[in-house]
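Student: Test case, fold it:
(2 chains)
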Amino acid sequence: MNIAKSNNKWIGQSTLRPDGADKVTGRAAYGADATMPGMLWGRVLRSAHPHARIRSIDTSKAAALPGVRAVMTGRDLVEFPLDKPVILGIQDMRWISRNVMARDKALYAGHAVAAVAATTAAIAEQALKLIAVDYEVLPWVIDVDAAMRPDAPILHEHIRFDGKPSNIAGRLEHKLGDVEAGFAEADVIVERSFKTEPVHQGYIEPHACLVSVSGDGKATIWSSSQGQFMVRAMCAYLTGLPQSDIRAIPAEIGGGFGGKTIVYLEPLALVLARMSGRPVKMVMTRGEVFRATGPTSGSSSTVRLGATKDGRIVAAQGTFCLQAGAMPGSPIRGAAGCSFTPYDIPNVHSLGFDVVSNRSKVAAYRAPGAPIGAYAVECVMDELAAALGMDPLELRLKNAAKQGTKAAYGPVLPIIGYEETLKAALVHPHYQAPLRPNQGRGVASGFWFNAGGESSAHVSINEDGSVVVVTGHPDIGGSRASIANITAELLGIDYRKVQVLIGDTSSIGFSNLTGGSRVTYASAMVVTRSIEQVIKSLRERAAKLWKIDPEAVTWEDGEARPAGDNAGRFPPLTLAQLAAKASETGGPIGAGVQLNTTGAEGGFATHICDVEVDRATGRVWVTRYTAFQDVGRAIHPAYVEGQMQGGVAQGIGWALTEEVVYDKNGHVDNPSFLDYRMPVASDLPKLEAVMIEIPNPKHPQGVRGVGEVPIVPPLAAVRNALYGALGIRFSSLPMSPPKVLAALEPDGK
Amino acid sequence: MSKIHVTTTINNEPVEFLCDGSQTILDVLRDTLGLTGSKEGCGSGDCGACTIMVDGRMICGCLMLGAEAEGKRVETIEGMAQGDHLHPLQQKFIELAALQCGICTPGFLVASKALLERNPKPSEHELRYWLAGNLCRCTGYDKIIQAVMEVAADLRK
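Tutor: Residues are numbered from 1 along each chain as shown, chains lettered A, B, ... in the order given. Presented below is the predicted three-dimensional model:
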C-alpha cells in the first residue's frame, strides 16, 4: 500500500546525491586522504599473545632512534579503575581506554601495547621493533562455550557470576506470560541449538586519522568515524583535555556498518601529537583491522518453540550466549530483544549472556545482535512449520505481531508493517517460481528496534534564496540526498538549490552517532522543525512588506502568498525575493533546532531466498533473492533499496562464507580480504528489494529506519533454502563449502 | 638510501618523482603526488580500491612499485572526467545510486571502463566476473552492475 506520491515533488524522488560528483572523481576526502606540513606517521605495536600480563615496557631504544619524535604506552592515557563504570553513550570508557591500548594485560593477539610517531612510516615501523615488552604469558580462551566453562582462564578477576570469577560479564532477561504453562499447552515443540562465528563489518576503508595540536594546546582531529561528537568525547575522556579544546572534523567515511562507532587510533594520535608538537597521521593496515577492530559476536544459542495443532505459537524460549571479545559489551539486547518480536506469542522467555574471551572487543555491526537471535528463531520456525504441515509464511502470518501486540522486550507495538511484508511475499512471483534439482527455497523474517536520539540541524537562507543545511551526522550512504529532498519539498524550491553539509563539532550542535538506522529519521525531524521556523519568519517578513497580519500569509510552492481577505491583493513573494529583502525585514534568515528525538518505531522484513548447491564442491550459490520491508516512507527510494540490497549481501556473506578464524595459537588466521571471504559481484544474483510503505505516524515524513533490518533475515533464509535443496538442516554458520561437503559426504568419500 | 628518480606519464601529463625502492605506485600517487582518488583498502591486491591503468592494463596500484612506472603511461580516477564533464560511467553511477560510502567507487569506475574498452557488449555474467576483484561492502553490487550494463548499452548506440 504505497502512500500517494503525487503530491510530493522531491520526497520519494531518487535525486542525484549532493556528494556524488566528488565521490566518482576521487575528490572526496576520506580518513586517510588528509595530510599536513610537518606531519609524522604513527604506528602501533600490538601484542603477539592472546593473553599476557605486561610486566614492563622499555621504550628507550625506540625513542632514541633518529626520526622518532614520540613514543607512548597505555600509561599515557587517563586511567579508569576497573571497578567503577564510566558510561558514555552505549560504551564504558573503562573498556574503551583499555581497548585502545593495553594497561596491565594484553587481552588478545593484536591488542595495542605501544605506539610511535616518526618522520616516516618506515622509521616508525623500525622503532616498534626496538620496544621491549616483558610479558607474563597467561592461559587463554577463544570459543564462547569454552569461555563459559568453570575451568576457563579468567580474563577479568573482578567480573563475577554466581559469586565466582567468571567470563560471563552480563545477563539480560525478557519475560512475558508463563513460559512453562505455555509449553504445557503446546501440541508440537521444536528445540534446536545453533552456533555462529564472529563476522567482521568489512568496511573497505581502514581506520584512519590525522591529529594536529596547536601551540595553545587545542587539538584538531580529522578522522573517519560514525560520529565526530563520539570522537571528541572519547578523546577528551582518554586524554583529559576539555571538549572545548578538541575539534573533531568528520572526513568522508568509507563504510562503517557500526564498526566505526568507537575510537581506536584518534586518542593515540592525539597523545603522540601533543608529545611531539607535530601533526600525526595514523592509518591501519587491513591486517590490523581484522586483528584488532570489530567484529561482531560469535554465538551459541538454543531456541524452543511450542505451538498448538492449529498453528498458534503458545510459548517461546531462547538462550543467546554472545562472545563479547576481550571486554564486556556484546549485543545481547539485539539478540534477546529482537528475535521473537515479529510474533504475537503470549509466553516468552528470552535470555542473553555476555561472555568475554581473548579476541578483539566486538563493535556494533548492523542491527547488532539481531541477526544472531533471528537466525536461531527463524530456523526453528521453519522446522515448526514443517512439523505442523504449514507453509512457513502462513505460519508466520498466523502469528504475526501487529499494532497492539505486547513484545517480550517491553513495548506494545504501534502501527507496524510486518503482516504486509508477509502478504507481499506470499503473492510475489518469486514464491511460486519453479525450482530445479539441487535448488531450494527458504524464507525468514526479522525485526530491528531502530533509534531516535540527539540530533542538531541549522538551516540558512542565502542572499540569493538558495539554502544551506548543516547537520551533525556523518553521511554513510546517501543521507545528504534525503535531507536535500525534504528541504526542497518543505520550502517548495528546486532540489539543486539546497546544499547539505556535515558540520564538525565546533560548527553544529551535539548529534549522536550515525547508527541505529537513525540518521534520516532524526535529522529529518530537526531539519523539519528548523524549516518550520524559517517559513514562519518568511511569512512574517512578507506580512511586514505587505503591511498585513502574518496570519494572513501562507507559504506555498516556494512563495509567500496573501491569504484570506487579502488573497490576490499582492503578487506572491518567492524565497529569492524575500532573501533579497532580508536586511530590511529583520536580518539574515535561518533557524536551528536541537532535539532528543523519539518515536522511531521498529522495522520489519521478510525475505525469500533461493539457493543451488554444487554437490561436487559443496559450494552454495544464491540464485534469487527478494527482500520485503516496511520502510515507513522512502524519502530517497534508490538509497532505501541500496540499504536493503547491501544488508542482504552482508547477510548472505555471514550465512555462507564469512568467519573470523583463530589458529591454535590464538591468532586470527585469516586477516585479509583474500581469506576473509566477503561476497564479490560474481557470488551474488540480482537482489530484488520490495519497499512497502507504512508511514510512521510519529514522524513528520513517516520515516522509519531502513538500514539495519535487511541484515536480520538472510542468515536463516539461506539456511532454510539449503534445507529445501538438500534436506539437511545445518545448525552452524557459515555454511561454507567444506561444511556442506562434509554434510553431503559424511563418510568423507 | 638514495631515492629513485622516475619519469612517467600520469593522466596524459608528464610527471617526475622521487621514490624509495620499496614504495608502491599507490603510495607515490597518494602521498607524493597528492592523487588520493585511488584508495588503499587492503595493500594486498584483494579489494581493488586502488585499481589504475598502466599502459592500458588494469592493475592494483598497491601491487606495483613506484619505480616500475618509469616510461609508462599511468591512468587514475582523476583522469576519467574531462574537466567538469563526467565520463558516462561516472554520471550513471550517481544517477542509479551505484555508490553508498563511495570508497570503492574509483576502483569500480576504472575497472568498468577497462572492461567496456575491451568488450563493449559484456553479458551480466561477464561483468560480474570482471568486477569480482573489486570489493564493495555497501551496495550488494546490484546497482553497480545495472549502471555498467546501462552505460554499455548507451555507448553502443
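
Student: Please give me every residue in contact with the residue of chain B found nearest chain A.
Tutor: Distance from chain A to each residue of chain B (CB to the nearest CB) is smallest for B:G37, at 1.8 Å. In short, each C-beta sits where N, CA and C put it, glycine included. The contact partners of B:G37, taken as CB atoms under 8 Å, 6 or more residues apart in numbering or on different chains, are A:25-27, B:76-78, B:106.

Student: Closest to A:A743 out of those?
Tutor: Ranked by distance to A:A743 (CB to CB), those are led by B:P106 at 41.3 Å.

Student: so what pLDDT did residue 76 get?
Tutor: Looking at chain A here, since you left the chain open. Per-residue confidence (pLDDT) for A:D76: 98.

Student: Please refer instead to chain B.
Tutor: 98.

Student: Show the contacting residues for it.
Tutor: Counted by CB under 8 Å, 6+ apart, B:T76 has contacts A:26, B:10-11, B:29, B:35, B:37-38, B:52-53, B:61, B:106, B:110.

Student: how many other residues sit next to the closest residue to the residue of chain B closest to chain A other than its chain neighbours?
Tutor: Once flanking residues are discounted, B:G37 sits nearest to A:G26: 1.8 Å by CB to CB, 6 or more residues apart in numbering or on different chains. Burial of A:G26 is recorded as 24 neighbouring residues (other CB atoms under 10 Å in any protein chain shown).

Student: With A:G492 instead?
Tutor: Using other CB under 10 Å, A:G492 has 16 neighbouring residues.

Student: Contacts only, for the closest residue in space to it that isn't next to it in sequence.
Tutor: Using CB to CB, 6+ apart and skipping the chain neighbours, the partner closest in space to A:G492 is A:G558 (3.2 Å). Counting by CB under 8 Å, 6+ apart, A:G558 touches A:491-493, A:574-575.

Student: now swap in A:T617 and tell me
Tutor: A:737, A:741.

Student: what do you get if the cut-off is 6 Å, keeping everything else the same?
Tutor: Going by CB atoms under 6 Å, 6 or more residues apart in numbering or on different chains, A:T617 touches A:P737.

Student: do the same with the one 3 residues further on
Tutor: Neighbour list for A:V620: A:611, A:613, A:656 [criterion: CB under 6 Å, 6+ apart].

Student: in the helix or strand the second one falls within, what counts as buried?
Tutor: Yep, that's A:V613 we're talking about. Take DSSP states H and E as the rule and A:V613 turns out to sit in strand A:603-614. Residues A:603-613 are the ones in strand A:603-614 that count as buried (16 or more other CB atoms under 10 Å in any protein chain shown).

Student: How about stretch A:555-567?
Tutor: By neighbour count with 16+ other CB under 10 Å, stretch A:555-567 contains the buried residues A:555, A:558-563.

Student: Check stretch A:461-469 too.
Tutor: Going by neighbour count (16+ other CB under 10 Å), the buried part of stretch A:461-469 is A:461-462, A:465-467, A:469.

Student: Which members of the residues you listed are the farthest-apart pair?
Tutor: A:G465 and A:V469 (14.2 Å).

Student: what does chain B have sitting close to chain A?
Tutor: Within chain B, the positions near chain A by CB under 6 Å from any CB of the partner chain are B:36-37, B:41-42, B:44, B:46-47, B:49, B:77-78, B:81, B:90, B:93-94, B:97, B:99-106, B:128-129, B:131-132, B:135, B:137-142.

Student: Give me the subset of the residues you listed lying in helices.
Tutor: B:90, B:93-94, B:105-106, B:128-129, B:142 (DSSP state H).

Student: can you tell me which of the contacts of B:T76 lies nearest to A:E173?
Tutor: The closest of those to A:E173 turns out to be B:P106 (CB to CB; 48.5 Å).

Student: tally of neighbours for the closest residue to that closest one other than its chain neighbours?
Tutor: Leaving aside its sequence neighbours, B:P106 sits nearest to B:I77 (CB to CB, 6+ apart; 3.7 Å). Number of residues near B:I77 (other CB under 10 Å) recorded here: 29.

Student: need the longest helix for chain A.
Tutor: helix A:519-546.

Student: just checking, what packs against that helix?
Tutor: Contacts defined by 3 or more CB pairs under 6 Å, 6 or more residues apart in numbering or on different chains; DSSP states H and E place helix A:519-546 against strand A:453-461, helix A:479-491, strand A:553-556, strand A:559-562, strand A:589-597.

Student: check contacts around the residue of chain A found nearest chain B.
Tutor: Taking CB to the nearest CB, chain B has its nearest neighbour within chain A at A:G26, 1.8 Å off. Counting by CB under 6 Å, 6+ apart, A:G26 touches B:37, B:77-78, B:106.

Student: if we go to 10 Å?
Tutor: A:33, B:35-39, B:76-81, B:102, B:105-106, B:109-110 (CB atoms under 10 Å, 6 or more residues apart in numbering or on different chains).
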